[in-house]
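Student: Coordinates only, no sequence provided:
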DNA sequence: GGTTGCGTTGACGTTCGCGTCAAGGCGGAG
DNA sequence: CTCCGCCTTGACGCGAACGTCAACGCAACC
């Protein structure tokens, strides 16, 4: 299949696919006219990338998963490097959740205080 | 006071202050040499901006608070527009927390699953 | 022959909040 | 005089993940 079909089936755009290629995440054979030619394995890679970035992974973070699939594993997270990314991401998410939770609490307190001031005498 | 002192006392940089001015958040009188001249009220504005951005507010979100102080209110959040930003931010934070919490759960589940596969027979 | 639809590369634009030069002016100390 | 420290404007850089446009080629259809 060519790049347009891969984009449609992968739920993305041709621009994104070329971008992934520029990062070395994807590679393509070329046909007689110099057009990129992909197969089902490439579609699998694209779906892995989109699935992970959909969760909030950076493109760089998807690299071990893609490599894992390329190495013939049936799942992108079957390799230690991928699992390490999971762990790191989990820690990042926990830290981010803590910061946001603290921020939320500060905003909530400020809001409450401001509302108190606007109704000085109860209720 | 001039821009360097305002930056120090406000806990930021001269570059940031000029940037705020370019956004219309800050304004400055000029002395005979064309240099920016600030007073304590300006310092107050800068501290309001820094305080809010420190919580995670975008610079645009600080505008109502700054305007509120300029209008003579003793607190930047004494105006309805500021309180509205509080509410909006609170909602944004809640949504963000929900998304991140869901992402965290997905990653955690993936991680657990991957670890199961790597130790097929328990323990 | 012209149009449509697919592909190609290259390069600039976007968003945010500044950082980091560049090139110069002004005032005071030594 | 030079040097230092402060100030001025203007302009480019950054990082992420592409969007968008330009200008072109190739194949098929009418």
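Tutor: Perfect, thanks for sending it. Computed from a prediction, not measured in an experiment: that's the story for all the values here.
Student: Can you give me the pLDDT of residue A:123?
Tutor: With respect to pLDDT, residue A:123 scores 57.
Student: Kindly apply the preceding question to residue A:107 instead.
Tutor: 89.
Student: Residue A:111 now?
Tutor: Value listed for residue A:111 in the pLDDT field: 88.
Student: try residue A:63
Tutor: pLDDT at residue A:63 comes out at 96.
Student: if I look at it, how far off is DNA strand C?
Tutor: 21 Å (Cβ to the nearest atom of the strand, to the nearest Å). Bear in mind the C-beta positions are built from the backbone N, C-alpha and C, glycine included.
Student: Nearest spatial neighbour of that residue, chain-adjacent residues omitted?
Tutor: Closest residue to residue A:63 apart from its sequence neighbours, by Cβ to Cβ, 6 or more residues apart in numbering or on different chains: residue A:25 at 6.4 Å.
Student: which strands and helices sit next to the strand or helix carrying residue A:96?
Tutor: Residue A:96 belongs to helix A:80-118 when assigned by DSSP states H and E. Counting contacts by 3 or more Cβ pairs under 8 Å, 6 or more residues apart in numbering or on different chains; DSSP states H and E, helix A:80-118 packs against helix A:59-70, helix B:40-55, helix B:80-118.
Student: now the angle from that helix to helix B:40-55?
Tutor: Per axes from the mean of the first three to the mean of the last three Cα atoms, to 10 degrees, the angle that helix A:80-118 makes with helix B:40-55 is 140 degrees.
Student: got the buried residues for helix A:80-118?
Tutor: A:82-83, A:85-86, A:89-90, A:92-93, A:96-97, A:100, A:103-104, A:107, A:110-111, A:114 (16 or more other Cβ atoms under 10 Å in any protein chain shown).
Student: Do I have it right that the residue nearest to residue A:63 meets residue A:48?
Tutor: No. Residue A:25 lies out of contact with residue A:48 (Cβ atoms under 8 Å); the separation is 9.7 Å.
Student: can you list residues touching both of these two?
Tutor: A:62, A:66 (Cβ atoms under 8 Å, 6 or more residues apart in numbering or on different chains).
Student: Who are the contact partners of the most centrally placed residue in chain A?
Tutor: In chain A, the residue lying closest to the centroid (Cα atoms, centre = their mean) is residue A:53, at 1.1 Å. With contact taken as Cβ under 8 Å, 6+ apart, residue A:53 is in contact with A:59, A:62.
Student: same check, this time on residue A:86
Tutor: Residue A:86 touches A:77, B:107, B:110, B:111, B:114, counting by Cβ under 8 Å, 6+ apart.
Student: and those as a markdown table, adding distance to DNA strand D?
Tutor: Shown next, in a markdown table, are those (distance: Cβ to the nearest atom of the strand, whole Å):
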| residue | distance to DNA strand D |
| --- | --- |
| A:77 | 18 |
| B:107 | 15 |
| B:110 | 18 |
| B:111 | 20 |
| B:114 | 21 |
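Student: Stretch A:23-43: which residues count as buried?
Tutor: Here stretch A:23-43 shows A:25, A:26, A:28, A:36, A:38, A:42 as buried, counting by 16+ other Cβ under 10 Å.
Student: From one end of it to the other, what's the distance?
Tutor: 17 Å (Cα to Cα, to the nearest Å).
Student: So for it, mean pLDDT?
Tutor: pLDDT averaged over stretch A:23-43 gives 95.
Student: how far is it from where the chain is centred?
Tutor: Distance of stretch A:23-43 from the chain centroid (Cα atoms, centre = their mean, to the nearest Å) equals 21 Å.
Student: if we can go back for a sec, now the helix holding residue A:96, how far from the chain's geometric center?
Tutor: Using Cα atoms, centre = their mean, the offset of helix A:80-118 from its chain centre is 20 Å.
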